[in-house]
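> sequence below, structure please.
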Amino acid sequence: MDPLPAFYVAHTRRSTNDECRRKPEWLNERKPTAVFFVIRISPFFRHSSFVIRHFPVNLSPETRVAGILVPLFALRSENDLGIGDVATLREFIDWAAESGFKLVQLLPINETGGDNSPYNAISAMAIDPTTLHLAPESPKDLTRQDFEAALADVDLVRLRQGQVKYSRVKKLKRRLLGRAFRNFRKHASQGRQSGFRDFCAVEASWLDDYAFFRALMEENGESEAWDKWPAQHRRIQSARVWLDRQSPKTREKFAGREMFFRYVQWIAHGQWSAVKSYAEERGVALMGDVPFGVSYYSADVFARRDEFALDWSGGAPPESYFKDDEFTQKWGQNWGIPLFHWDVMRNRAAFIFSASIMCWGFIESMHSPGGHDATKNFFRSIGTRCWNELADARRISPRTTIRPRKMARRIGVKAKNICALFSKRPAQPG
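Numbers count the residues shown, from 1 in each chain. Predicted coordinates for the structure are as follows:
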């Protein structure tokens, strides 16, 4: 196998738990099967992260496919801006192809909030701007002069050393994208402007609410905690009424910020589409993890609050192999993500969970008959009634167990393998 290229992989940890590495008993009993995947995704979800379309993967006991998992932020190079991006991913794809790998799996690339967790995304659809390759002419609207001016006061040596400095990286990339956007508005060709308008029209079903949410985040000090915003901002309907009452100058400025966030997603769509095409040319499939839930503090929850059971928090049943965590062994995990109101969602043409599963779930069975951990965790997940004096401190209270049927009735879904721990959550503000 060829050595790793110039970038390096960092921040990985190998499990030392023998039980985690033990071969499952069901694997010995598995009957040989041949599975053939051809991926076809609805046009509505074409923007979502790294969807594999029309890429056949032939799985059988005789034909094995090797892959490699790597966090994108850890693919670093000498010329990066403090974090891995699609440019270093392209190099990694080259190395993977030359080494005989057919799959490259990444963690979710959805936009994150203040905790920078890929599993606590502030949007089910938006791509994190930190994944973008920003350099002169990348995007086309970013000139060398603007690039160098934006980096004039940045200590790149320190930024590139050690762990990812998320706040500084996000600030720098926002500045670069802001300069690119200003150039786009002033100098973009008619064809380029038309392409942007087409993207906004096609993706409007999620993009408009997302851009509105992101502009409101800026109004509130970049905090995604919408339940701590001023009362007039806490619900999308009241926030739009608030905006309508502002001066023409304020409304124009706000609309400009919304357009900026649409522009960032347009650039992200282009760069990720290009890297997907490149991977397919090299015979490598890009594969993603399944973030089947979104953050409580997300654009999706903010805009479609009736689709979520906000007083319930998703989690997992007790895990006996967490030897150092007695609470998890006994009571399970609390992920802090709201559950879905299936009865509301099923009547709508598009909703968050189907976007996640349609874009990601098809690939999860490629590891084993049981699928990837995220898929298994969904079907064995629990719902936890949330409580605490502070709305952002959602914990489990092991007092009363709610029967599966009772919980199913509350969230509008038929389920047998669901359990929940009951407690109380403060009334929703606003």
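
> shaky segments in the protein?
Within the chain, the segments meeting pLDDT under 70 span 1-60, 290-292, 348-430.

> run through the strands of it in chain order.
35-37, 57-59, 67-69, 103-106, 285-288, 308-316, 333-340, 382-385, 400-402, 420-422 (DSSP state E).

> the fourth one - which strands sit beside it in the sheet, and in what orientation?
For strand 103-106, the paired strands and their directions (DSSP bridges) read strand 67-69 (parallel), strand 285-288 (parallel).

> any chance of a markdown table for these, columns mean neighbour count?
(Each C-beta comes from the backbone N, C-alpha and C, glycine too.) Shown next, in a markdown table, are those (neighbours: other Cβ atoms under 10 Å):
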| stretch | mean neighbour count |
| --- | --- |
| strand 67-69 | 15 |
| strand 285-288 | 23 |
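
> and the ones you listed as JSON lines, adding distance to L134?
Below are the strands paired with strand 103-106 laid out as JSON lines (distance: least, Cβ to Cβ, whole Å):
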{"stretch": "strand 67-69", "distance to L134": "25"}
{"stretch": "strand 285-288", "distance to L134": "21"}
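
> out of the ones you listed, which gets nearest to R305?
strand 285-288 (26.6 Å; Cβ to Cβ).

> and that closest one, C-alpha only, in CSV?
This file holds the C-alpha atoms of strand 285-288, laid out as CSV (Å, rounded to 0.1, in the frame of the first residue of the first chain):
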residue,chain,number,x,y,z
ALA,A,285,-17.7,5.9,-3.8
LEU,A,286,-18.2,8.6,-1.3
MET,A,287,-20.1,7.3,1.7
GLY,A,288,-21.7,9.1,4.6
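
> ok, how many other residues are close to W229?
21 (other Cβ atoms under 10 Å).

> what about stretch 62-73, start to end distance?
End-to-end distance of stretch 62-73 (Cα to Cα, to the nearest Å): 34 Å.

> which parts of the stretch 51-200 of the chain are helices?
All helices of the stretch 51-200 of the chain, identified by DSSP state H, counting those that start in this stretch, fall at 86-98, 144-150, 156-159, 166-187, 190-202.

> which neighbouring elements make contact with the first one?
Under the contact definition 3 or more Cβ pairs under 8 Å, 6 or more residues apart in numbering; DSSP states H and E, helix 86-98 sits against strand 103-106, helix 248-281.

> contact partners for S189?
Going by Cβ atoms under 8 Å, 6 or more residues apart in numbering, S189 touches no other residue.

> let me redo that: G84
By Cβ under 8 Å, 6+ apart, G84 lies in contact with 7, 71-77, 131.

> and for Q333?
By Cβ under 8 Å, 6+ apart, Q333 lies in contact with 315-316, 319.

> in the sheet, which residues pair with it? Tell me.
In this entry, Q333 is beta-bridged to A316, by DSSP bridges.

> a markdown table please, covering the contacts of G84 and showing neighbour count and distance to E326.
A markdown table is the format used below for these (neighbours: other Cβ atoms under 10 Å; distance: Cβ to Cβ, whole Å):
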| residue | neighbour count | distance to E326 |
| --- | --- | --- |
| F7 | 21 | 40 |
| P71 | 16 | 29 |
| L72 | 22 | 34 |
| F73 | 24 | 32 |
| A74 | 18 | 31 |
| L75 | 24 | 37 |
| R76 | 20 | 37 |
| S77 | 17 | 42 |
| T131 | 23 | 37 |
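
> closest to L107 among those?
Closest to L107 out of the contacts of G84 is P71 (5.1 Å), distances taken as Cβ to Cβ.

> ok, that closest one touching L106?
Yes. Counting by Cβ atoms under 8 Å, L106 is a contact partner of P71 at 7.0 Å.

> ok, back up a step: of the contacts of G84, closest to W335?
Compare each of these with W335 using Cβ to Cβ and the shortest gap goes to P71, at 18.9 Å.

> state the distance from S77 to P108.
Using Cβ to Cβ, to the nearest Å, S77 is found at 22 Å from P108.

> and for R192, the neighbour number?
With neighbours defined by other Cβ under 10 Å, the count for R192 comes to 15.

> so it touches R185, yeah?
No. Counting by Cβ under 8 Å, R185 is not a contact partner of R192; they are 11.0 Å apart.

> if we can go back for a sec, so which of the helices and strands packed on helix 86-98 is nearest L176?
Nearest to L176, of all these, is helix 248-281, at 10.6 Å by Cβ to Cβ.

> which positions in the closest one come out as buried?
Residues 254, 257-269, 271-272, 275-276, 278-280 are the ones in helix 248-281 that count as buried (16 or more other Cβ atoms under 10 Å).

> could you do stretch 165-184 as well?
Buried, per 16+ other Cβ under 10 Å, within stretch 165-184: 165-166, 168-170, 172-177, 179-181, 183-184.

> closest to A124 out of the residues you listed?
Using Cβ to Cβ, K170 is the member of the buried residues of stretch 165-184 that lies nearest A124, at 19.8 Å.

> which residue is the nearest non-sequential neighbour of that closest one?
Nearest residue to K170, sequence neighbours excluded (Cβ to Cβ, 6 or more residues apart in numbering): T130, at 6.1 Å.

> can you check G84 too?
Among residues not flanking G84 along the chain, L75 sits closest, at 3.5 Å (Cβ to Cβ, 6+ apart).
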